[in-house]
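>>> sequence and predicted structure are below.
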Amino acid sequence: MGSHGQQRRAPRADRWRRAGLFGAAGAALALLVSLCALPPGEEPDNRPPVEVFGTPPAPDGPPGARLGLGLTHTRYSADAGEQAARQRAEDSLTELALPQNQHIMGWGADNPEPAPGRYDFRSLDSRVALMRRTGATPVITLCCAPDWMKGGRAGHTDWDELETAPRPEHYRDFADLAGRIAQRYPDVRHFLVWNEFKGFFDEERRRWDHEGYTELYNLVHDEVKRVREDALVGGPYVVMDSHPADRPEHASALKGEWGSVDQRALDAVTYWNEHRHGADFVVVDGSSYTKDGQLLPDEFAATEKFTAVGRWVRRETGLPLWWAEWYVETADADDRREGWTEQHRTAVQAAALIAMARGGADTALYWNPQSRTGRCAGCLWRGTEEEAGGGALPMLDLLGRFRDAFPPGTLFERPDTGGDPGARVLADDRTALVVNTRDRAITVRVDGSPVKLDPHQVRWLDR
């Protein structure tokens, strides 16, 4: 997660100090008058008025909850770096017009409220400006919380505590911040509440504190809806962890060859769904591999987990389904996923997209791990810190083509197929996506015609 640090202001000249004294006296008198006018027991609101950022584009009709494939910006993105590289990345994003998501703190955004009532939206403004320039449907994830809401010191940001949840006595403060952000960016009409239940694990009961999260969610939901009637809000953004199916610990009935979903995650979704004040969509995330890093029975078959989870979540909630993140390749100790070739990785990702589509996904946001420079496994574009960077990579092409070919609501067909069973196929009446799951060349038949596929090749066919 990125931070830019706080800049100190230079001392002002004496004449500005004197002017400040007169200004302070006037402000004190105004405050006294306002205090006298307040009803008994109410505290004054000393926060500055909300300012709308820039010139938001006019909305194009009412917002919908089904956005298709998009991406989430992380620590490094196309709003920083060499101008030529940034322009290349922006050109690709503009051409594809994918939905784009940004967190309010962390993953490229600084602390938005370092001290109560003192705001710093510069880095968040930069990301929203990027979304606007590239014609994206903007999405904001309302996570994470300033330090003073978590027991830390006001005016200080400890990035090691980013994933700590706000204390219950500050849930309302976080909701107020969320409402202010919703007002600052009126063109953002989709909001995710929190991220992966961060900080909401109850160590004593060894389960998620879904009660605490839902209390926070309801306050945020109500405040965002109060200030923005057009806004769509969703949760709970819980991780659908799974374990090998033969392990009894936290096992559930939601299982397959890929493993068994942790019952505690299902309980969190169920509790939130029963106690939420409202929701326009339901949000989950997860990986195809188990909690201990196993891809069962292999990396392609493991993606069937996304189908099973998607169908369960839709049945449980009846809401449009969002995957806020998904992962198909295990990470090393530094959270890097570099074990496969890009062709292998893209093929597994294509299989995952097929599985999510079959599970009823309406929106899915790819976590874009852009590096500053050099090779970046699974990235959407090359790092923009290099002058030659910014060029599109295979995953960006896959997201764009899949989104265009199979938008939400697509009626899928089962084409006649045959030949080597190592192919995955998804098709509607116009297009077929064929993926070779093997590390050798194969030939399959689609609609009676032979299709030759190189190892781990992804092919698009007109029907």
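Good, I have the coordinates.
>>> now do the contacts for the nearest residue in space to residue 359 that is not next to it in sequence.
Spatially, and ignoring its direct neighbours in sequence, residue 359 is nearest to residue 310 (2.3 Å; CB to CB, 6 or more residues apart in numbering). Every residue, glycine included, has its C-beta placed from N, CA and C. With contact set as CB atoms under 8 Å, 6 or more residues apart in numbering, residue 310 has these partners: 321, 323, 356, 358, 359, 360, 361.
>>> and if we set it to 6 Å?
Counting by CB atoms under 6 Å, 6 or more residues apart in numbering, residue 310 makes contact with 321, 359, 360, 361.
>>> partners of the last one in the sheet?
Right, residue 361. Judged by DSSP bridges, the bridge partners of residue 361 are residue 321.
>>> surely residue 69 is within a helix?
No - membership of residue 69 in a helix is not supported by DSSP: H, G, I helix; E, B strand; the rest coil, which gives strand.
>>> which of the helices or strands spans the residue lying closest to it once chain neighbours are set aside?
Excluding its sequence neighbours, the residue lying closest to residue 69 (CB to CB, 6+ apart) is residue 403, at 4.0 Å. Assigned by DSSP states H and E, residue 403 belongs to helix 394-405.
>>> so for that helix, what's the average pLDDT?
The pLDDT scores in helix 394-405 average 97.
>>> buried residues, that helix. List them.
Residues 394, 395, 396, 398, 399, 400, 401, 402, 403, 405 are the ones in helix 394-405 that count as buried (16 or more other CB atoms under 10 Å).
>>> the first one touches residue 347, doesn't it?
Yep, that's residue 394 we're talking about. No - the criterion here is CB atoms under 6 Å, and residue 394 misses it with residue 347 at 9.9 Å.
>>> run through this protein and note the low-pLDDT ranges.
Counting by pLDDT under 70, the chain shows low-confidence ranges at 1-45.
>>> and the residue nearest the centre of it?
residue 324 (4.5 Å; CA atoms, centre = their mean).
>>> quick check on the closest residue to that residue other than its chain neighbours: phi, psi?
Distances taken as CB to CB, 6+ apart put residue 285 closest to residue 324, at 4.6 Å, once the chain neighbours are dropped. The phi and psi values for residue 285, taken as degrees, to the nearest 10, are phi -150, psi 170.
>>> equivalent analysis for residue 364, please.
phi -150, psi 130.
>>> apart from its neighbours in sequence, what residue is nearest it?
Residue 364's closest residue in space is residue 323 (CB to CB, 6+ apart), at 4.2 Å.
>>> got the contact list for that neighbour?
Counting by CB under 6 Å, 6+ apart, residue 323 touches 356, 361, 364.
>>> so it lies in a strand, does it not?
Yes - remark: residue 323 belongs to a strand, assigned using three-state DSSP.
>>> relative to residue 288, how far out is it?
Note on residue 323: its distance to residue 288, by CB to CB, to the nearest Å, is 12 Å.
>>> same deal with residue 158?
Counting by CB to CB - residue 158 and residue 288 are separated by 33 Å.
>>> comparing the two, which shows the higher neighbour count?
Taking residue 158 and residue 288 together and counting by other CB atoms under 10 Å, residue 288 has the greater number of neighbours (26 against 12).
>>> quick one on the thing from earlier: quick one: the residue nearest to the centre of the chain and residue 236 touch, right?
No - using CB under 6 Å, residue 324 makes no contact with residue 236, being 10.3 Å away.
>>> does residue 309 touch residue 242 like I think?
No - Residue 309 is beyond contact range of residue 242, at 8.5 Å (criterion: CB under 6 Å).
>>> for the two, list the residues in contact with both.
Joint contacts of residue 309 and residue 242 (CB under 6 Å, 6+ apart) do not exist.
>>> my guess is the residue nearest to residue 69 meets residue 71, correct?
No - judged on CB under 6 Å, residue 403 makes no contact with residue 71 at a distance of 10.5 Å.
>>> just the helices in the stretch 301-450 of the chain please.
Along the stretch 301-450 of the chain, counting by DSSP state H, counting those that start in this stretch, helices occupy 304-317, 342-358, 394-405.
>>> who are the packing partners of the shortest one?
So the one you mean is helix 394-405. strand 68-72, helix 342-358 (3 or more CB pairs under 6 Å, 6 or more residues apart in numbering; DSSP states H and E).
>>> with distance to residue 229 as extra columns, can I get these in a markdown table?
Below are those laid out as a markdown table (distance: least, CB to CB, whole Å):
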| stretch | distance to residue 229 |
| --- | --- |
| strand 68-72 | 24 |
| helix 342-358 | 31 |
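>>> okay if I get these as CSV plus distance to residue 57 and mean neighbour count?
Listed next are those as CSV, based on distance: least, CB to CB, whole Å; neighbours: other CB atoms under 10 Å:
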stretch, distance to residue 57, mean neighbour count
strand 68-72, 17, 23
helix 342-358, 29, 22
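>>> from residue 74, how far off is residue 387?
Between residue 387 and residue 74 the distance is 22 Å, computed by CB to CB.
>>> in terms of neighbours, single out the busier of these two.
Between residue 387 and residue 74, counted using other CB under 10 Å, residue 74 has the larger neighbour count: 19 against 11.
>>> which residue sits closest to that one, ignoring its sequence neighbours?
Leaving aside its chain neighbours, residue 74 sits nearest to residue 107 (4.8 Å; criterion: CB to CB, 6+ apart).
>>> against residue 430, how distant is that neighbour?
Separation of residue 107 from residue 430 (CB to CB): 36 Å.
>>> of the two, who's got more company?
Here residue 107 and residue 430 are compared on neighbour count by other CB under 10 Å; more neighbours surround residue 107, at 23 against 12.
>>> so which helix or strand takes in the closest residue to residue 186 other than its chain neighbours?
Spatial nearest neighbour of residue 186, excluding adjacent residues (CB to CB, 6+ apart): residue 56 at 5.1 Å. For residue 56, there is no enclosing helix or strand under DSSP H and E.
>>> right, and residue 56 touches residue 187 too?
Yes - in this structure residue 56 lies within contact range of residue 187 using CB under 6 Å: 3.9 Å.
>>> render the CA-only coordinates of stretch 321-334 in CSV, please.
Only the C-alpha atoms of stretch 321-334 are listed here, as CSV (Å, rounded to 0.1, in the frame of the first residue of the first chain):
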residue,chain,number,x,y,z
LEU,A,321,-23.2,-11.2,-7.5
TRP,A,322,-19.8,-9.4,-7.4
TRP,A,323,-16.4,-11.0,-7.2
ALA,A,324,-14.2,-8.3,-5.7
GLU,A,325,-11.1,-10.3,-6.2
TRP,A,326,-10.2,-13.8,-7.3
TYR,A,327,-6.9,-15.7,-7.5
VAL,A,328,-5.8,-18.9,-9.3
GLU,A,329,-2.1,-19.1,-8.6
THR,A,330,-0.5,-19.5,-5.2
ALA,A,331,1.7,-16.8,-3.9
ASP,A,332,5.2,-16.9,-2.3
ALA,A,333,6.1,-15.3,1.0
ASP,A,334,6.2,-11.8,-0.6
